[in-house]
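Asks: Structure of the sequence below:
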Amino acid sequence: MPTIHAPRRALLALALLLGTPAGWAADNAAADAAATADKTTPASNWKISAGPGIYVAPDFPGARSTLVYPIVYQDIDYGGRFFSRGFDLLGVYALNNDVWQIGADFQFDPTWRRSKDDRRLNGLGDVNMTMRARAFAQAQVSFITFSADVAQDIAGQGQGLVANGDVLFSLPAGKWLFTLGPGVTWTNGKYMQTFFGVTADQSARSGLPTHAVDAGLREWHANGIVSYEISHDWSALGSLTFARLRGDAASSPVAERRQQWTAMAAVTYKFR
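Replies: Reported below is the predicted structural model:
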């Protein structure tokens with residue numbers, strides 16, 4: 001059973017997220033799925049959908065415990081050029097057509113870790129949430145979507161660089177749209193050291209063995225997304241991501257569990 005943490009986390013997440021993904025690739029795919037499911041949207045510069053939802057994720061990378069909190073999911077687009085979607089707070093497309101989506105955005109990263117949350121972490125130091133500058137590219141060929149993105153910590157929280165690559169396969173079925181596919185996540189040495197490395201000083205304070213890390217693949221993952229068009233104005237969507245840590249992340253004494261699950265579900269109303 002997941003652990004439901006204090007309201008402080010829920011309120012902070014609710015105030016900052018303005019939406020939520022179950023992994024970055026799953027978030028974009030879920031939003032694209034919802035938009036594809038709604039074929040009757042009238043032409044307008046503004047497209048705005050939002051609604052309540054719930055978000056479930058590991059307490060920190062490699063954690064056994066789980067965060068559960070309410071969120072507000074939003075998908076806002078202006079003229080096919082500017083957007084705000086989930087953790088992607090403010091973005092712009094350099095190219096946006098039936099095949100390609102290329103652009104950049106500022107992305108909120110809610111990943112954090114508190115030493116007091118787990119006695120095993122005492123002496124490792126806290127890790128704060130951060131903001132990232134992200135560049136992305138996505139290509140859709142028939143029912144297959146190829147996507148890649150690179151996101152750099154720009155708030156100085158030691159969360160380094162994270163890169164994702166995913167392949168997604170979509171299957172429409174009436175008012176339903178199902179999307180499945182594999183992917184990988186690569187991180188640089190800064191990220192790996194922050195979340196999975198243990199220095200000699202940290203080892204002395206925490207009792208954990210030292211653990212040297214390098215840049216490399218943090219995980220492979222599988223995304224599952226489903227959307228349903230309830231009516232012209234209402235839609236429901238959900239996503240589930242299963243990830244398995246590998247390499248230095250998997251062998252870290254900080255990691256309690258190699259298998260990591262992230263999930264999101266929301267009901268949205270189309271305002272315009």
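Asks: need the strands for the stretch 151-272 of the chain, in chain order.
Replies: Taking DSSP state E, counting those that start in this stretch as the criterion, the stretch 151-272 of the chain carries its strands at 161-173, 176-187, 216-229, 234-245, 259-270.
Asks: Let's have those in CSV, adding distance to residue 100, mean pLDDT and mean neighbour count.
Replies: Bear in mind the C-beta positions are built from the backbone N, C-alpha and C, glycine included. Below are the strands of the stretch 151-272 of the chain laid out as CSV (distance: least, Cβ to Cβ, whole Å; pLDDT from 0 to 100; neighbours: other Cβ atoms under 10 Å):
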stretch, distance to residue 100, mean pLDDT, mean neighbour count
strand 161-173, 15, 97, 17
strand 176-187, 18, 98, 19
strand 216-229, 20, 97, 21
strand 234-245, 23, 97, 21
strand 259-270, 25, 95, 20
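Asks: looking at this protein, which residue ends up farthest from its center?
Replies: The C-alpha centroid of the chain is most remote from residue 204, which lies 33.4 Å away (Cα atoms, centre = their mean).
Asks: And the strands of the stretch 151-272 of the chain: which comes nearest residue 47?
Replies: Across the strands of the stretch 151-272 of the chain, residue 47 has its closest neighbour in strand 259-270 (7.8 Å, Cβ to Cβ).
Asks: what inclination does that closest one have with respect to strand 216-229?
Replies: If you take axes from the mean of the first three to the mean of the last three Cα atoms, to 10 degrees, strand 259-270 sits at 30 degrees to strand 216-229.
Asks: Off-centre distance for strand 259-270?
Replies: Using Cα atoms, centre = their mean, to the nearest Å, the mean C-alpha position of strand 259-270 is found 10 Å from that of the whole chain.
Asks: From the contact counts, what lies against that strand?
Replies: Applying 3 or more Cβ pairs under 8 Å, 6 or more residues apart in numbering; DSSP states H and E, one finds that strand 259-270 makes contact with helix 24-37, strand 46-58, strand 66-78, strand 234-245.
Asks: Excluding chain neighbours, what is closest to residue 51?
Replies: With Cβ to Cβ, 6 or more residues apart in numbering as the criterion, residue 51 has its nearest non-adjacent residue at 3.7 Å, and that residue is residue 268.
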